[in-house]
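[1] fold the following, please.
(chains A, B and C)
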Amino acid sequence: MSNLLNNLNPAQKEAVKTTEGPLLLLAGAGSGKTGVLTKRIAYLIENGVRPFNIMAITFTNKAAGEMKQRVAAATPYGNDVWISTFHSSCVRILRREINILGYETHFSIYDADDSQRLIKDILKKLNINEKNFSPKSIANEISSLKNNLISAASYKKTVENDYRMKTISNVYTKYQSYLKQNNALDFDDLIFKTVQIFMQYPDILEKYQERFKYILIDEYQDTNACQYSLIRLLSAKYKNICVVGDDDQSIYGFRGADIRNILNFEKDFTGAAIIKLEQNYRSTETILKAANNVIKNNIGRKSKTLWTDKGKGEKIKFYRANNDLDETLFIADEIKKAVENGGKYSDFAILYRNNSLSRTIEDRLVKNAIPYRLFGGVPFYSRKEIKDVLGYMKLLYNPYDNTNIQRIINVPKRGIGASTLDKLTAFADENNISLYESLFRIEEITELKTRTKKINEFINIIEELKEFSKTSSIYDLINEILSKTGYINELQAEGTEEANGRIENLNELLSKAIEFENISEEPSLSSFLEEVALVADIDNYSEDSDTVVLMTIHSSKGLEFPTVFLIGFEEGIFPSYRSTLDPSPSAVEEERRLCYVAITRAKEKLYITCAKSRLQNGQYNSNLPSRFFDELPMELLETYSLDTQTNKKHLSDFQEVKIISGAAKTSSFKHHAEYSTKGAENYNNTLAPKNVKIDFEIGDKIKQLKYGVGTVIDIMPAGADFEITVEFPSTGKKKFMAALSKLQKI
DNA sequence: GGATTTTAGGTTTTT
DNA sequence: CCTAAAATCC
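    Residues are numbered from 1 along each chain as shown, chains lettered A, B, ... in the order given. Presented below is the predicted three-dimensional model:
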């Protein structure tokens, strides 16, 4: 027997050794979970389980990669263990089994963007007003139905006479039939279809039950009903199912994650053992205490108390800035100071509730020459130019993919515009063929005689590329697409800054292709597209480079940093505005768990910052400190604020912040008044629109291109611009932005 | 059909 | 504030 169990605490040892039957491993933040999982897999193998019979599901590709490496290092044949995310696992299963549902093996994976395009088309076809049914909201509803294992057919039975539900049901049904025609699956389908196959075909299910005799699920608190079903089906025969999670870190409710999965595990899986890992090896006592004090305000938790022997450490520094710029100044200062004293940039992470908070801080870091890496935001793979190239690749792989033909048939411009496309689509629908097939029968469409040449040119490009792709590397294929379609020429000819940025992104795609071909076991077009569809930005995070890291709290789950800045700690941001509107307390509870996750990312130092005034969506808002501030024990905090007279930071009275935040809860008006007068200089400078000079006054007569002559009835500052409300005799009130619209004074 | 201008709309988190 | 789509012009 090897030394696997050395250096483990008693609970960890137990977790490694309890291999048979259902096991719930409640692993608090920083409790050495990943190490335990790796050792558990190694232990299974040492005790005669074939690596081939073990399946481990992780939340991200990054976690899967890490675990693969660690397992391979810990045990021979570790490479044969199946370790991947839910989505990747299901793709692998579906590539083998999906024929039975009438799809072809070469199905495309639609990302959120593809799905929304398709839904949009459907809304148009069904004549549904997008005002009441935005493609995004419908996509969300369909997604959540799928996550709850409700098929289009079964939903239809439940809708009765509710108009909204009926509409959604119609769209859902059509959406599924179009996906099938396109031979495509969306993210949710990957799991849902797998479950459907397992439920309908017991012999197939049994094959996989035999294969996966030992199953491990990481981040169990973030599984949804569909994933739950999958696990349940797979483990039903051998019942060796080990789930690992922390109910306090369940933060993906918006994506259908159901915290009840973890709360009810013992009920659902009879005879389950429970082991708690409560010793934290990551953070100081102060940080842990803060986290515990916040999370204890949630009800209905599994009882669990994290402890550490790391010692108290430094107090948490709380800074209430006058405005968002001041907040970034504070952060940049602290980082600069620390680096001057021998610290590294990579010691720092800046975490925020939503991506829009990254912009101001980015500006500041650039100004101060502080190197940083930003995760999230507009994901690389959803940039237009990248999606265009991928659109070509998806089409080469799966010619039934109508959504992607529509995307690229006129990109770059080749004279096949909207009206041509409409006619083609109509023809394809009539004849029940795919859009691509309809191109070959262009001569049958009399109205499109004049377009025949252009269409044929397009077909030639695609067919030649298809031929080329059969033998070429991914890298060469992308290059060929870029040159053959004229895509790169067009961008080069443009020569604008924007076009150059796009070229840069395309170069990055080429590097990614090379990297992929170096790493991948099977660097095919299919696996490249799969990787691209399922990879998250955060999967590329590595600790190697010495830069500050910027990301959302969601992305930071599972990571740790010596120093963490948690910024934008304000009501309306964190907890988010929407969660505070939700009548059910569970919405704010999820935010609180998110707060818990954020705090527990920090190993040694934690900064929490908020601003009294902040530019949000083009206007300045005065926000209160977050309600979670009141849940932090004051003896753990050091509070700072900025003296507006001297522009110096000073240690300020905790009570000041506290009282303000408490008092303001009952009267937000009072709060607002207080801050718009206090520190007036700083505040007003940023408030006043700078770039726009306007000559309008209320009562002026103006002329506008479309609506004609009207009267100005209101002028409001809006960010750097002014919003002008004009009353027109014909159409009533309209609003215009002074800088953008060409209003003429008459 | 395509480019440019103007307006509307969203705004939480993401596999 | 941003982006995306609609409206308008060429």
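
[2] and the gap between residue A:104 and DNA strand C?
    Taking CB to the nearest atom of the strand, to the nearest Å as the measure, residue A:104 falls 29 Å from DNA strand C. Where you see a C-beta, it was placed from the backbone N, CA and C, and this is true even at glycine.

[3] next, the contact list for the residue lying closest to that residue once chain neighbours are set aside, please.
    Among residues not flanking residue A:104 along the chain, residue A:183 sits closest, at 5.3 Å (CB to CB, 6 or more residues apart in numbering). Shown in contact with residue A:183 (CB atoms under 8 Å, 6 or more residues apart in numbering): A:103, A:104, A:106, A:107, A:108, A:398, A:400, A:401.

[4] show me just the buried residues among these.
    For the contacts of residue A:183, a neighbour count by 16 or more other CB atoms under 10 Å gives the buried set as A:103, A:106, A:107, A:108, A:398, A:400, A:401.

[5] the first one - nearest residue in space that isn't next to it in sequence?
    Residue nearest to residue A:103 in three dimensions, not counting chain neighbours: residue A:183, with 5.9 Å by CB to CB, 6+ apart.

[6] show me where pLDDT drops low in chain A?
    Where chain A drops to pLDDT under 70, the residues are A:1-2, A:131, A:377-379, A:536-540, A:642-693, A:695-696, A:703-709, A:714-746.

[7] wait, residue A:599 sits on residue A:293?
    No - judged on CB atoms under 8 Å, residue A:599 makes no contact with residue A:293 at a distance of 9.6 Å.

[8] mind listing the helices for the stretch 351-500 of chain A?
    A:358-367, A:384-397, A:402-408, A:418-431, A:435-440, A:452-471, A:474-484, A:487-494, A:497-519 (DSSP state H, counting those that start in this stretch).

[9] show me where the stretch 51-200 of chain A has helices.
    Under DSSP H, counting those that start in this stretch, the stretch 51-200 of chain A gives helices at A:61-74, A:86-97, A:112-125, A:135-147, A:152-158, A:163-181, A:187-200.

[10] which strand in chain A runs the most residues?
    Using DSSP state E to define each element, chain A has its longest strand at strand A:602-616.

[11] that one - which strands sit beside it in the sheet, and in what orientation?
    Counting by DSSP bridges, the strands paired with strand A:602-616 are strand A:316-323 (parallel), strand A:561-566 (parallel), strand A:619-622 (antiparallel).

[12] quick one, which of these gets closest to DNA strand B.
    Closest of these to DNA strand B is strand A:619-622, at 8.7 Å (criterion: CB to the nearest atom of the strand).

[13] buried ones in the closest one?
    Neighbour count says strand A:619-622 has A:620, A:621, A:622 buried, by 16+ other CB under 10 Å.

[14] before we move on, what about stretch A:630-643?
    Result for stretch A:630-643 [16+ other CB under 10 Å]: buried residues A:632, A:636, A:637, A:639, A:640, A:641, A:642.

[15] ok, now stretch A:489-500?
    Under 16+ other CB under 10 Å, the buried positions of stretch A:489-500 are residue A:491.

[16] is that stretch positioned near DNA strand C?
    No - applying CB under 7 Å from any atom of the strand, one finds stretch A:489-500 separated from DNA strand C by no less than 10.0 Å.
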